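*Asks:* no letters, just coordinates:
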């Protein structure tokens with residue numbers, strides 16, 4: 001009797017597992033936006049909209065989402081990172097080094113005044129998956145003030161964007177570091193304390209799945225459901241940049257990342273200095289962005305890193 005009961009229970013349990021596992025998988029497939037991954041995910045190019053130039057040409061504004069929370073990805077210009085379908089050429093100044101998560105209004109592509117109804121397509125292939133951003137001159141997508149859209153803040157009409165120049169870098173031999181010096185200028189606007197914004201619900205969850213000190217790294221990158229946000233602990237997120245005019249650095253193109261010290265440097269007497277340290281040889285394009293916290297201007301410099 002007991003043997004039959006055990007067999008019956010085993011059969012019922014097996015049926016539950018057999019039915020539940022596909023159901024669980026289906027549920028997870030319906031919740032890709034809530035799962036978090038360290039690595040192994042795709043890059044989604046983003047088209048933000050377009051704006052008009054004084055000469056009647058147009059600017060198409062792009063960004064991207066690297067769906068990983070930890071992994072940065074290097075995708076050189078070519079078949080896996082191109083504007084091949086646009087008729088303008090593969091290389092339109094897009095990044096090849098992709099930092100984790102959202103990067104809005106990362107770059108813009110100029111198209112002629114007679115662009116008409118043509119499409120501009122940016123395609124990126126990562127881990128065997130190709131994702132695209134398709135841009136065209138849809139009237140509803142016109143952006144009247146790209147600078148305000150880029151910063152997320154409405155600038156005063158009297159405020160002019162800061163300028164940056166004198167980006168010069170000499171070749172570096174590993175394990176050396178490059179000294180990055182910039183000359184910047186600004187009109188002194190806006191005045192007052194930097195803006196501090198509220199964290200959106202859900203941002204209380206740390207944006208990384210790195211194991212804690214002493215923890216064992218999982219050999220498989222499993223999806224994880226973040227804990228429910230605690231609305232009682234929502235905090236205000238301060239701007240990490242120094243007060244006033246400052247310059248921030250990132251790797252725009254290159255075989256690997258770089259560390260910048262400091263990442264955000266305050267302008268003193270119209271000048272900033274940052275040290276860039278590399279771990280891999282190659283040619284890098286570094287982007288410096290000067291901001292007055294309302295408007296910003298970016299410029300790039302190429303650095304050659306040599307083996308010892």
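*Replies:* Received the coordinates, thanks. No experiment lies behind these values; they were computed from the predicted model shown.
*Asks:* the residue nearest to residue 79 when sequence neighbours are not counted: neighbour count?
*Replies:* Once its chain neighbours are removed from consideration, residue 79 has its nearest residue in residue 125; the separation is 7.3 Å (C-beta to C-beta, 6 or more residues apart in numbering). No exception for glycine: its C-beta is placed from N, CA and C like everyone else's. By the criterion of other C-beta atoms under 10 Å, residue 125 has 17 neighbours.
*Asks:* ok, residue 125 touching residue 82?
*Replies:* No - in terms of C-beta atoms under 8 Å, residue 125 does not count as a neighbour of residue 82; the distance is 9.1 Å.
*Asks:* identify the contacts common to the two.
*Replies:* Among the neighbours of residue 125, none is also in contact with residue 82 (C-beta atoms under 8 Å, 6 or more residues apart in numbering).
*Asks:* quick one: the strands in the stretch 1-150 of the chain?
*Replies:* Remark: strands of the stretch 1-150 of the chain, listed N- to C-terminal, are 43-52, 58-66, 73-74, 81-82, 97-98, 101-111, 120-126, 129-135; assignment by DSSP state E, counting those that start in this stretch.
*Asks:* adding mean pLDDT, write those out as a markdown table.
*Replies:* Listed next are these as a markdown table, based on pLDDT from 0 to 100:
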| stretch | mean pLDDT |
| --- | --- |
| strand 43-52 | 97 |
| strand 58-66 | 96 |
| strand 73-74 | 96 |
| strand 81-82 | 96 |
| strand 97-98 | 97 |
| strand 101-111 | 94 |
| strand 120-126 | 96 |
| strand 129-135 | 96 |
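*Asks:* any idea what the residue nearest to residue 79 is bridged to?
*Replies:* residue 130 (DSSP bridges).
*Asks:* hmm, residue 104 is touching residue 47, no?
*Replies:* No - taking contact to mean C-beta under 8 Å, the distance of 11.0 Å between residue 104 and residue 47 leaves them out of contact.
*Asks:* what stretches of the protein score poorly on pLDDT?
*Replies:* Within the chain, the stretches falling below the threshold (pLDDT under 70) are 1-34, 85-87, 148-155, 192-239.
*Asks:* break it down into its domains, please.
*Replies:* The record, using automatic domain parsing to delimit domains, assigns the chain the ranges 1-35, 43-144, 155-193+237-306.
*Asks:* coming back round to it: between residue 104 and residue 47, who's got more neighbours?
*Replies:* When neighbours are counted by other C-beta under 10 Å, residue 104 and residue 47 differ, and residue 47 comes out ahead with 20 against 14.
*Asks:* from residue 41, how far out is the closest residue to residue 102 other than its chain neighbours?
*Replies:* Once its chain neighbours are removed from consideration, residue 102 has its nearest residue in residue 65; the separation is 5.3 Å (C-beta to C-beta, 6+ apart). Remark: distance between residue 65 and residue 41 (C-beta to C-beta, to the nearest Å) = 10 Å.
*Asks:* looking at the two, which one has more neighbours?
*Replies:* When neighbours are counted by other C-beta under 10 Å, residue 65 and residue 41 differ, and residue 41 comes out ahead with 23 against 18.
*Asks:* mind listing what the closest residue to residue 74 other than its chain neighbours touches?
*Replies:* Counting by C-beta to C-beta, 6+ apart, the nearest residue to residue 74 once its immediate chain neighbours are dropped is residue 97, at 5.5 Å. Under the criterion of C-beta under 8 Å, 6+ apart, the contact partners of residue 97 comprise 72, 73, 74, 250, 251, 252, 253, 254, 256, 257.
*Asks:* and of these, the nearest to residue 137?
*Replies:* Taking C-beta to C-beta as the measure, residue 252 is the one of these closest to residue 137, at 26.7 Å.
*Asks:* so the closest one touches residue 288, yeah?
*Replies:* No - in terms of C-beta under 8 Å, residue 252 does not count as a neighbour of residue 288; the distance is 9.6 Å.
*Asks:* which neighbours do those two share?
*Replies:* With contacts taken as C-beta under 8 Å, 6+ apart, the residues that reach both residue 252 and residue 288 are residue 300.
*Asks:* what about residue 84, how many neighbours?
*Replies:* Other residues within reach of residue 84, judged by other C-beta under 10 Å, total 14.
*Asks:* gap between it and residue 289?
*Replies:* Distance from residue 84 to residue 289, by C-beta to C-beta: 28 Å.
*Asks:* now the helices for this structure?
*Replies:* Assigned by DSSP state H, the helices in the chain fall at 2-29, 146-151.
*Asks:* now for residue 179: which residues touch it?
*Replies:* If you count contacts by C-beta under 8 Å, 6+ apart, then residue 179 has 169, 273, 274, 275 around it.
*Asks:* perfect, that will be all.
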